[in-house]
Every structure is written in structure tokens, then in C-alpha cells.
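*Asks:* okay, predicted coordinates and the sequence, questions at the end:
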Amino acid sequence: MRVSWARLGAAHEGLLPLLDAVERRRHDTIVDPATRDRFLLGCALSRLRLGERLDVPPADVPLRRECPHCGGPHGKPRLAVPSPYAFSVTHSGGLVGVAVCRGAEVGLDLEEADAPLDVDAAARTALAAPELTALYARPSAGRQAAFLRVWTRKEAVLKALGVGLRVPLRELRVSAPEEPPAVLSWPRQLTARPGVGMADLLVDGTHPASVAVTGARGVDVTCDDGTAALAAYVP
């Protein structure tokens with residue numbers, strides 16, 4: 001599996017022709033410039049990496065963004081044609097990531113290590129009781145880093161399963177940050193509980209990220225920097 005990272009500075013108008021009509025409309029309605037650039041980079045990097053595997057021009061990669069619940073164009077992006085490839089997009093602050101996997105569903109999550117965060121409030125929402133107890137057993141200075149590691153693991157798993165945050169995070173329990181990533185208990189809403197393999201990543205030596213793959217025990221990840229490819233892209 002390949003994970004590509006890009007930085008916000010790689011966004012430029014030359015990437016706009018890569019977007020299809022649905023993506024372009026969504027892009028043009030985003031008011032905040034940084035959010036708009038993150039969306040553009042996620043679309044463009046996905047298309048570049050999938051185009052390489054499908055052997056088609058990036059702009060011709062057939063993507064679908066239909067929400068399975070309301071039919072709106074904001075669901076998890078997927079290939080619109082049968083393909084062995086699945087992918088996942090994440091973004092936080094000045095970073096965007098895309099994971100592409102063959103033969104399994106994949107989820108990728110990234111968080112900024114130094115972003116302002118109310119750890120207490122977030123932990124009460126996201127952590128199971130044993131996880132919360134373990135978090136507060138740590139020195140206060142290390143709690144945000146520990147929480148973000150657990151959070152990225154949970155987000156990656158739920159993205160891989162395609163359920164997002166529609167199930168209680170507190171019922172999805174994962175291993176402690178210092179331990180190899182693993183799911184310890186599942187939310188009761190998930191009647192189908194496939195094996196999930198995970199890997200922890202660290203972007204720029206600082207920002208925690210996690211990737212999860214369904215039907216796997218171990219995850220072999222190759223990471224690369226997609227910033228240069230995006231910055232140099234000419235349609």
C-alpha cells in the first residue's frame with residue numbers, strides 16, 4: 001500500500017482541470033481559502049496516484065462521491081468502475097494525505113500534533129472508559145500526543161469500514177499508544193467485524209497518522225512525498 005503526503009503550498013490553479021464537474025462545484029463553493037486548497041489537493045493527489053495504477057490520465061479517473069444515506073455529493077470518494085483499488089483521503093492543517101490499496105478497503109487519518117485541542121472534552125467524546133483512565137494516568141504534558149495517536153487509529157478503522165463517525169467512538173477500543181495498533185473491542189452497531197490491520201505513521205517526524213486495511217493482519221506501507229508532483233503538474 002502506498003501513502004502520499006502533500007503540503008498546502010502545492011495547490012495551484014493548474015490542478016483545477018483535474019477535477020470533474022461535481023468536484024469543481026464543491027471546490028468553488030468553499031469560502032475558506034485553506035479549506036478550498038485542501039480539497040483541491042485531496043482530489044488532485046487521489047487522481048494522480050489512481051491514474052498511475054489504472055493507466056489513465058488523472059482527469060479521466062472515474063470517481064463517485066455519493067453519500068449512501070442522502071445521495072448528496074459528499075460521501076467517501078470511490079472509484080465509479082469495478083477496480084481492485086480502494087483509496088482514502090485525509091487532511092489536517094497544512095497537510096493532505098492519500099492512501100491507495102489493492103484488494104482491500106483502506107482508511108487513513110492524520111492530525112496536527114501542535115493544533116489547539118481541548119483534550120479533556122475530546123477524550124470524553126472519543127475514548128472508552130479504560131482508555132480514558134489510561135490517558136489521565138499520564139503526565140499532562142503527554143496527554144495530547146497520546147490522545148491523537150488513539151484518535152487517528154479509531155478514525156482510520158472507521159474510514160476503512162466506511163461508517164465514519166456514525167458509530168460511538170467510545171465503543172471502539174484500540175490498543176495503548178505505545179503498543180502495536182490493534183482493535184480490542186467493537187461498537188455494538190457493527191454486526192460485521194472484519195479483521196483490520198493497522199499501521200502507525202508519523203508525518204514530518206511530528207504529526208501522527210494511522211492507516212487501516214480490512215481483511216488484513218499486517219500492513220506494509222510505502223510513503224512518499226506528493227508535493228513536488230502536484231506543484232509541477234501541468235495539464
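*Replies:* It's in.
*Asks:* how far away from the center of its chain is stretch 17-31?
*Replies:* 20 Å (C-alpha atoms, centre = their mean, to the nearest Å).
*Asks:* what's the longest helix in the chain?
*Replies:* Longest helix in the chain, counting residues (DSSP state H): helix 33-54.
*Asks:* got the buried residues for it?
*Replies:* 36-51, 54 (16 or more other C-beta atoms under 10 Å). (C-beta placed from N, C-alpha, C; glycine too.)
*Asks:* what do you get for stretch 134-150?
*Replies:* Neighbour counts using 16+ other C-beta under 10 Å place 135, 143-144, 146-150 of stretch 134-150 among the buried residues.
*Asks:* could you do stretch 98-116 as well?
*Replies:* 98-101, 104-113.
*Asks:* circling back: for the longest helix of the chain, enumerate the helices and strands it packs against.
*Replies:* Where contact means 3 or more C-beta pairs under 8 Å, 6 or more residues apart in numbering; DSSP states H and E, helix 33-54 is packed against strand 2-7, helix 21-29, strand 85-92, strand 95-102, helix 227-231.
*Asks:* any idea which of those scores lowest on pLDDT?
*Replies:* In terms of mean pLDDT, the lowest-scoring of those is helix 227-231 (a mean of 90).
*Asks:* who are the packing partners of that helix?
*Replies:* So helix 227-231, by 3+ C-beta pairs under 8 Å, 6+ apart, packs with strand 2-7, helix 33-54.
*Asks:* just how off-centre is it within its chain?
*Replies:* 19 Å.
*Asks:* which outside residues touch that helix?
*Replies:* For helix 227-231, contacts defined as C-beta atoms under 8 Å, 6 or more residues apart in numbering pick out 5-7, 9-12, 15, 41, 44-45, 48.
*Asks:* could you do stretch 43-59 as well?
*Replies:* 2, 4, 6, 15, 17-20, 23, 27, 60-61, 63, 77, 79, 83, 85, 87, 89, 96, 98, 100, 102, 226, 229-230, 233, 235.
*Asks:* kindly format the C-alpha coordinates of that stretch as PDB.
*Replies:* In PDB, the C-alpha atoms belonging to stretch 43-59 read as follows (Å, rounded to 0.1, in the frame of the first residue of the first chain):
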ATOM      1  CA  CYS A  43      -8.800  15.500  -5.300                       C
ATOM      2  CA  ALA A  44      -5.700  16.100  -7.400                       C
ATOM      3  CA  LEU A  45      -3.400  13.700  -5.400                       C
ATOM      4  CA  SER A  46      -6.000  11.000  -5.500                       C
ATOM      5  CA  ARG A  47      -6.400  11.300  -9.200                       C
ATOM      6  CA  LEU A  48      -2.600  11.300  -9.800                       C
ATOM      7  CA  ARG A  49      -2.000   8.200  -7.800                       C
ATOM      8  CA  LEU A  50      -5.000   6.300  -9.100                       C
ATOM      9  CA  GLY A  51      -4.300   7.300 -12.600                       C
ATOM     10  CA  GLU A  52      -0.800   5.700 -12.300                       C
ATOM     11  CA  ARG A  53      -2.400   2.400 -11.300                       C
ATOM     12  CA  LEU A  54      -5.200   2.400 -13.700                       C
ATOM     13  CA  ASP A  55      -3.000   3.700 -16.600                       C
ATOM     14  CA  VAL A  56      -5.300   6.500 -17.400                       C
ATOM     15  CA  PRO A  57      -4.900  10.300 -17.400                       C
ATOM     16  CA  PRO A  58      -5.600  11.700 -13.900                       C
ATOM     17  CA  ALA A  59      -8.500  13.800 -15.100                       C
END
